[in-house]
Each structure stands twice: as structure tokens, then as C-alpha cells.
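*Asks:* A predicted structure for the sequence below; I have some questions about it.
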Amino acid sequence: MMAILMKYPGKTAEDIYEFKFTPTQAAPIIAINLTHGTGSEANQFAVVSIEEKNYKPAIALPCIYPLYAIDDPALMTGLSEDQTRYVSIDAVNHVIEAATTKTTSPYAVDLAMGTTWLVYKHLPTALKDPKNLEARYFLAYAALIAGLSFDNGLLHYTHALEHPLSGVNPKLTHGLGLAMLLPAVIKNIYRAKPATLAAVLKPMVPGLKGTADEADLAAHGVEKWLFSVGATHKLADEGFTEGDVEKLVCLAFETPSLGGLLSIAPTQASKDVVWTIYKESLTPYSK
């Protein structure tokens, strides 16, 4: 944000993220990525937490595209096992959403298929051998093309519903929040985009035919893959209860920017639908 605020004396980050004004200039940005997840070295998105309001809004501004960006896998070999796991799960969520929004494109879908294959193939290696530069290289590449995918296709449910989780609990790892929500999101959206999701999820859930009746099968398959790479927690494991769901639903619709994500989801994003996704994410489907 300093790159923007240098150009606008007197303005604050909260002014930008609460959409009180829209900047059109920023100081030149050089991005040196330290994780293989966000894809922000190649897109116009940024996120901040406003803790006193439990807000975690996002912005998309052309002026914050990096002028130059560097992805060096050697800088990522020190990531912990959890960081390795959850940043790559973030990249997977980026493309599952970008490929299924109302604003998606064949380009976003093609990038999505490449991303899921690369993460499926190389994440287990990076978890087992953190210093493996080839695995880190391809995970960094997956995150990069995932960033391009959602720069073009945008995002919907999983990010819109995760931001309230880590808005309420800033210590919650973003990728973990996404992992806990993803199976229930898949269950909701599969009927609307079965062919696309069958193609994008093929590495994790082989055998999907792309028919609407596979929603439960796809959701269970995605959860099984997440568990296989160590993402076994659900909302209840992180201290959330059914009593928290109403507040989370309100934040999903009230936090600046998140309503825009919900508006381009492939299904009607009513409060009842959002409530159901949170509720179904409290515990594993296998229970």
C-alpha cells in the first residue's frame, strides 16, 4: 500500500479498502515472491485486514500491477510444511473459482487445468523434500498462472467466505481457511459447471464425467485429496461453531468488495446458500 499512499498524501489504506476513493497511480512496484501461492506478482489484487471491524477486503487496481517480478524457487525452500501446503492450496482455489465465475473465459479455464495438475504432481514432493528446487519451481509456476487465471476470471465463494474467517481470527492461515471451505463450495457449484469442474479437478478426482449428479462425488473427492496433503482441519477444529455462522454470513455480505465476488458466483449466492456452505464446512463429509 505504501506504493499508492506515496502518491496520495493524507489518504489511508482504510480509505482505499473501504472504497472511499479509487487511486489511479502508484509508485513503481517490484515484486519478489517468497511463497508459491498468491500469484500477486502477476495481477492487480491486494488484501488487508481491518481488525477492529473484522473486515478483510480486497482491491483490484491496474496501478498496482508490478513493473517487474521475480520468482526464485530457492527463496521458497525455507517455507514450513504448513506454509508449503496452504499456499499451494490457495493457488488451487484461485483457479477453481476463476474457471467457474460468471466472468470466466477459456483462457482462465486452460490455466486452471494446468495449475491443478502441477500442484497435484509437485506438492507431495515439496512436502516430503522441502529443498527440492524442481518441485518449488513448478509450484511457483502454478501459482503464477493461477494468479493470471483469477486476474482474468476473478473469484467467488471460497475467497468471499474465507475472508470473514480470517477477519474474525487474523491468526487463521488463509490457505487453511480455503481448504476447510472448498469441499462444500464444490458441492454447491458443481451442478452449475460440471464439465468445467470435471476437467479442472481431474488430477485430484479422476473419473468424473462432467454430469450434474456428481456433485457429492466431486466434493468428497476434493476433501479426500486435501486430507492426503495434510489439510485435515475443518472449521470446528479451528474453534468455529454453528453459533458463529450468522456473524460470518453477515460479514460475507457486509465486508467491502466481497459482495462483488458473491455476485459472480455460478449459483445464486443467497444468505441461505452461504450459511449452508459454512455449516457443511464445520466437520468432514466423511463423518
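*Replies:* Structure received. Numbering: from 1, shown residues only.
*Asks:* What ranges does the stretch 51-200 of the chain have for its helices?
*Replies:* 81-98, 106-128, 133-153, 157-168, 174-189, 194-200 (DSSP state H, counting those that start in this stretch).
*Asks:* Columns distance to Ser263, mean neighbour count and mean pLDDT on top of these, output as TSV?
*Replies:* Using the backbone N, CA and C atoms, a C-beta is placed for each residue, glycine as well. Below are the helices of the stretch 51-200 of the chain laid out as TSV (distance: least, Cβ to Cβ, whole Å; neighbours: other Cβ atoms under 10 Å; pLDDT from 0 to 100):
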stretch	distance to Ser263	mean neighbour count	mean pLDDT
helix 81-98	13	26	98
helix 106-128	17	20	98
helix 133-153	14	23	98
helix 157-168	10	26	97
helix 174-189	14	25	98
helix 194-200	19	20	98
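*Asks:* any chance of the ones you listed in a markdown table, with distance to Tyr8 too?
*Replies:* Compiled in a markdown table, those are given as follows (distance: least, Cβ to Cβ, whole Å):
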| stretch | distance to Tyr8 |
| --- | --- |
| helix 81-98 | 29 |
| helix 106-128 | 32 |
| helix 133-153 | 24 |
| helix 157-168 | 24 |
| helix 174-189 | 27 |
| helix 194-200 | 39 |
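*Asks:* Out of the ones you listed, flag the one nearest Tyr55.
*Replies:* Set against Tyr55 and scored by Cβ to Cβ, the helices of the stretch 51-200 of the chain come closest in helix 157-168, at 5.6 Å.
*Asks:* relative to helix 174-189, how tilted is the closest one?
*Replies:* Between helix 157-168 and helix 174-189, the angle comes out at 140 degrees (axes from the mean of the first three to the mean of the last three Cα atoms, to 10 degrees).
*Asks:* Restricting to C-alpha, output helix 157-168 in CSV.
*Replies:* Extracted C-alpha coordinates of helix 157-168, given in CSV (Å, rounded to 0.1, in the frame of the first residue of the first chain):
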residue,chain,number,x,y,z
TYR,A,157,-17.4,-18.2,-3.0
THR,A,158,-14.3,-19.7,-1.4
HIS,A,159,-12.4,-16.4,-1.1
ALA,A,160,-15.6,-14.4,-0.2
LEU,A,161,-16.3,-16.8,2.6
GLU,A,162,-12.7,-17.3,3.8
HIS,A,163,-12.1,-13.6,4.3
PRO,A,164,-14.6,-13.4,7.2
LEU,A,165,-13.0,-16.4,8.8
SER,A,166,-9.5,-14.8,8.9
GLY,A,167,-11.1,-11.4,9.5
VAL,A,168,-12.6,-12.7,12.8
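*Asks:* In terms of secondary structure, what does it contact?
*Replies:* Helix 157-168 is packed against helix 81-98, helix 174-189, helix 245-254, helix 258-263, helix 271-280, with contacts defined by 3 or more Cβ pairs under 8 Å, 6 or more residues apart in numbering; DSSP states H and E.
*Asks:* elements contacting the second one?
*Replies:* What it means is helix 174-189. For helix 174-189, the packing partners by 3+ Cβ pairs under 8 Å, 6+ apart are helix 81-98, helix 157-168, helix 215-228, helix 271-280.
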